[in-house]
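Visitor: just to be clear, the model below is a prediction. Sequence and coordinates:
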Amino acid sequence: MKTNWYKEAIIYQIYPRSFKDGNNDGLGDIPGIIEKIPYLKDLGVTCVWLSPIYDSPQEDNGYDISNYKDIYPPFGTLEDFKVMIKKMHEAGIKLIMDLVVNHTSTEHAWFQDVLKNKDSQYKDYYIIKKGRKNGKKPPNNWQGFFSGSVWEKLPNSDDEYYMHLFAKGQADLNWDNPKVREEVKDILRFWFDLGVDGFRCDVINLISKKSDFKNRFPTLVLTGKDAFINGPNLHKYLKELNDDVISKYDVFTVGEGPMTSLEDVKQLAGFDRHELDMVFNFNHVDVDDFFGVKYLGRKFSLRRFKKIYKKWQLGLKGHSWNTLFIENHDQRRSVGRFNTKEGNLESAKMLALTYLYMSGTPFIYQGQEIGMRQGHFKSLDEIVDVESHMIQRIRNKVFPIKLILSKKRMIEYSRDNARTPMEWDDSEYAGFSKVEPWLRVNSDYKEVNVKNNLADQNSLYHFYQQLIKIRKQEETLNKGEYVPLYMNDSKVFAYKRVYQNEEFIIVSNFFDKQIKRKFLSSLDDNDMILSNYDSHIKGELKPYECRLYKRKII
Ligand code: TEU
């Protein structure tokens with residue numbers, strides 16, 4: 001049944017509310033996506049990952065689902081959805097959806113029933129506990145991902161609390177209840193039967209909680225994380241979903257979750273384990289975070305970046321399949337990160353080549369291919385993201401946090417930086433919509449947009465298009481072994497991909513300075529098949545120069 005097509009896919013992530021507004025209400029939607037299918041096809045992508053489009057009160061932009069089998073009305077209808085998937089399939093593009101089942105919205109009928117009926121049959125669908133001190137204090141001291149306690153009092157109870165690892169409107173499901181697992185299988189079947197080709201599984205490593213519910217030693221963030229990350233039945237539940245439903249279709253799953261280690265991924269997506277097919281790990285994008293705490297950033301180090309990739313590329317070999325990405329809807333834009341510079345086209349091209357030709361399945365986040373930049377918000381008032389506002393609240397309450405975390409940093413690190421409307425052209429609101437969008441359009445849209453990119457053969461879009469084309473043609477880039485090169489070089493990221501009697505060599509200067517390198521003399525200019533410069537200097541790399549060589553091994 002399974003053909004493992006995911007290993008050859010080029011995946012493009014769409015964040016629906018910011019992609020294209022089809023009916024001019026300021027919000028992206030399914031008709032907007034349909035309109036842009038030819039754009040996606042021309043770029044060369046073979047699969048779309050669609051962030052949540054289900055019905056939702058949108059407290060966390062759809063990661064809080066109130067009905068898993070319907071579409072959020074401003075995004076369209078189920079009929080629109082059917083047209084979209086049909087047209088994508090006709091264009092040779094598969095579609096994967098977001099499976100958000102660690103929690104439901106508190107507006108979901110199950111949770112609403114709990115609020116209405118004291119003896120609701122759905123009470124055991126959620127994690128509900130009596131508070132300490134006759135309900136005056138929450139059941140324990142655990143803290144969630146958006147800061148603050150994971151517990152919120154049930155409005156219809158004096159002493160009971162429900163768990164929410166994210167926002168208050170995102171109530172955690174109790175996966176230990178077999179009925180919950182049956183509901184999830186039912187949701188999966190519903191969408192697979194509509195032709196959906198797979199799922200990206202949101203915070204999937206949080207679904208099984210340790211049931212001791214004891215206080216944990218307070219930590220800077222996420223007190224109690226050992227109780228909810230990689231819980232005791234995680235693998236059992238994933239295997240059950242796979243055995244009962246997923247394995248029956250020719251689809252794939254990519255898991256997402258915070259703080260996944262190499263060992264975790266080998267288990268969650270091991271070739272022989274029949275749980276997930278791939279897992280996003282965040283180690284490489286955490287390179288400029290302070291040990292995973294993104295608000296406490298640290299300076300980018302190329303050596304650290306190279307070491308992380310080496311660890312994951314070699315570490316998963318033979319065990320599991322890598323995901324390759326540098327952006328998503330939770331990360332800052334890559335332009336201006338990882339040593340690249342806004343306004344420096346060569347640096348964006350260099351980063352693209354460097355990550356896209358490693359071993360694994362590449363993901364491109366909407367706008368990445370045209371070099372969209374950070375939102376550059378001026379104040380928190382411009383920001384919608386619930387995470388930013390929750391952190392702001394705790395910052396105002398807890399004085400030491402105020403000292404560590406400046407307002408400027410909160411704005412710079414807000415997830416909204418990657419969520420600004422897609423820039424299609426230079427008309428008002430960047431051609432995303434005819435009315436003012438839900439989030440401010442980047443002020444540089446007249447310069448950075450799809451129209452300009454399409455008109456210029458030297459643009460980032462065309463570079464991505466070419467990278468994708470070559471990657472699809474060359475078996476070595478898909479199957480080849482990853483061999484890191486010149487690991488001690490603090491300026492150059494280099495590696496090769498080797499398969500049978502052929503190798504591809506990737507050489508990238510991560511700095512804005514011209515540098516001399518002796519090893520270049522061992523590479524033949526005639527073997528160079530791609531670069532971000534037209535002319536080259538013998539024995540030297542220009543600022544941010546990258547090169548791709550292809551040669552036979554004799
Ligand atoms: O994100 C999960 C996750 O790991 C986040 O906590 C992430 O670390 C954070 O957003 C970084 O700032 C997923 C979704 O991608 C995210 O958009 C949702 O808000 C979250 O789950 C809850 O569903």
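Guide: That came in fine, so what should we check first? Residues are numbered from 1 along each chain as shown.
Visitor: contact partners for residue 152?
Guide: 161, 162, 164, 168 (CB atoms under 8 Å, 6 or more residues apart in numbering). For every residue, glycine as well, the C-beta is placed using N, CA and C.
Visitor: can you rerun that using 6 Å?
Guide: When contacts are counted by CB atoms under 6 Å, 6 or more residues apart in numbering, residue 152 touches 162, 164, 168.
Visitor: could you give the bridge partners of the residue nearest to the last one when sequence neighbours are not counted?
Guide: By that I understand residue 168. Spatial nearest neighbour of residue 168, chain neighbours left out: residue 152 (5.1 Å); criterion: CB to CB, 6 or more residues apart in numbering. Bridge pairing for residue 152 (DSSP bridges) gives the partners residue 162.
Visitor: gap between residue 152 and residue 221?
Guide: 19 Å (CB to CB, to the nearest Å).
Visitor: just give me the residue closest to the centre of the protein.
Guide: Nearest to the mean C-alpha position of the chain, by CA atoms, centre = their mean, lies residue 328 at 4.0 Å.
Visitor: residues in the protein within reach of the ligand, list them.
Guide: Contact residues (CB under 6 Å from any ligand atom) of the chain with the ligand: 60, 63, 100, 145, 166, 202-203, 258, 294, 329-330, 387, 415.
Visitor: hmm, 5 Å instead?
Guide: 60, 63, 145, 166, 202, 203, 258, 330 (CB under 5 Å from any ligand atom).
Visitor: for the stretch 1-150 of the chain, what are the low-confidence residue spans?
Guide: Scanning the stretch 1-150 of the chain for pLDDT under 70 picks out no residues.
Visitor: which single residue of it ends up nearest the ligand?
Guide: Closest to the ligand within the stretch 1-150 of the chain is residue 63: 3.5 Å, counting by CB to the nearest ligand atom.
Visitor: okay, that residue and residue 145: tell me how far apart.
Guide: 11 Å.
Visitor: and what of residue 86?
Guide: Distance from residue 86 to residue 145, by CB to CB: 37 Å.
Visitor: show me what contacts residue 165?
Guide: Contacts of residue 165 (CB under 6 Å, 6+ apart): 144, 145, 150, 172.
Visitor: and those residues, which of them are in strands?
Guide: Counted as lying in strands by DSSP state E, out of the contacts of residue 165, are residue 172.
Visitor: tell me the mean pLDDT over stretch 223-243?
Guide: Mean per-residue pLDDT for stretch 223-243: 97.
Visitor: chain center to it, what's the gap?
Guide: 20 Å (CA atoms, centre = their mean, to the nearest Å).
Visitor: before we move on, what about stretch 197-209?
Guide: On CA atoms, centre = their mean, the centre of stretch 197-209 falls 13 Å from that of its chain.
Visitor: if we can go back for a sec, and the residues of the chain next to the ligand, which two are the farthest apart?
Guide: Between any two of the residues of the chain next to the ligand, the greatest separation by CB to CB is 14.8 Å, found for 60 and 258.
Visitor: who's more crowded, those two?
Guide: residue 60 (22 against 17; other CB atoms under 10 Å).
Visitor: isn't the more buried one right next to residue 167, touching?
Guide: Yes: using CB atoms under 6 Å, residue 60 makes contact with residue 167 at a distance of 5.4 Å.
Visitor: quick one: neighbours of residue 130, just the number.
Guide: There are 12 residues near residue 130, going by other CB under 10 Å.
Visitor: which non-adjacent residue is nearest it?
Guide: residue 159 (5.1 Å).
Visitor: more neighbours, residue 63 and residue 145?
Guide: Neighbours around residue 63 and residue 145, counted as other CB under 10 Å, are more numerous at residue 63. The numbers are 25 against 20.
Visitor: so what's that one up against?
Guide: 52, 100 are the contacts of residue 63 under CB under 6 Å, 6+ apart.
Visitor: please apply the same query to the one 5 residues further on.
Guide: Contacts were defined as CB under 6 Å, 6+ apart; by that measure residue 68 touches 54, 187.
Visitor: so which bits of stretch 189-197 are buried?
Guide: 191, 192, 195, 196, 197 (16 or more other CB atoms under 10 Å).
Visitor: and for stretch 226-236?
Guide: For stretch 226-236, by 16+ other CB under 10 Å, it's 227, 228, 229, 230, 231, 234, 235.
Visitor: which residues does it contact?
Guide: So stretch 226-236 is contacted by 205, 206, 208, 209, 210, 259 (CB under 6 Å, 6+ apart).
Visitor: go on, stretch 418-432?
Guide: Contacts for stretch 418-432 (CB under 6 Å, 6+ apart): 18-19, 21, 329, 331, 333, 366-367, 375, 437, 439, 441-442, 445-446, 448-451.
Visitor: ramachandran angles for the residue of the chain positioned farthest from its centre?
Guide: Largest separation from the mean C-alpha position in the chain: residue 134, at 41.2 Å (CA atoms, centre = their mean). In terms of degrees, to the nearest 10, the main-chain angles of residue 134 are phi 60, psi 30.
Visitor: list the residues that contact residue 98.
Guide: 51, 52, 200, 202.
Visitor: neighbours of the first one, how many?
Guide: Right, the one you point to is residue 51. 24.
Visitor: go ahead and confirm residue 511 touches residue 491.
Guide: Yes: in this structure, residue 511 is within contact of residue 491 by CB under 6 Å, at 5.1 Å.
Visitor: could you chop this structure up by domain?
Guide: 7-97+322-375+422-473, 109-171, 178-277+306-320, 378-413, 478-552 (automatic domain parsing).
Visitor: touching, residue 24 and residue 436? I think so.
Guide: No: between residue 24 and residue 436 there is no contact under CB under 6 Å: 10.4 Å.
Visitor: just to revisit the earlier point, does the residue nearest to the centre of the chain count as helix, strand or coil?
Guide: Under DSSP: H, G, I helix; E, B strand; the rest coil, residue 328 falls in the coil class.
Visitor: check it and give its pLDDT.
Guide: 98.
Visitor: next, give phi and psi for the closest residue to it other than its chain neighbours.
Guide: Of all residues not flanking residue 328 in the chain, residue 365 sits nearest, at 5.2 Å (CB to CB, 6+ apart). Note on residue 365: its backbone torsions stand at phi -90, psi 140 [degrees, to the nearest 10].
Visitor: pull the contacting residues for residue 365.
Guide: 13, 327, 328.
Visitor: pull the number of nearby residues for the second one.
Guide: Here the count is done by other CB under 10 Å, and residue 327 has 22 residues near it.
Visitor: is residue 446 in a helix, a strand, or coil?
Guide: coil.
Visitor: distance of the residue nearest to it when sequence neighbours are not counted from the ligand?
Guide: Counting by CB to CB, 6+ apart, residue 446 lies nearest to residue 426, which is 4.5 Å off, once chain neighbours are set aside. Distance of residue 426 to the ligand, given as CB to the nearest ligand atom, to the nearest Å: 30 Å.
Visitor: what's the neighbour count on residue 426?
Guide: 14.
Visitor: surely residue 453 is in contact with residue 370?
Guide: Yes: here residue 453 reaches residue 370: they are 4.6 Å apart, a contact under CB under 6 Å.
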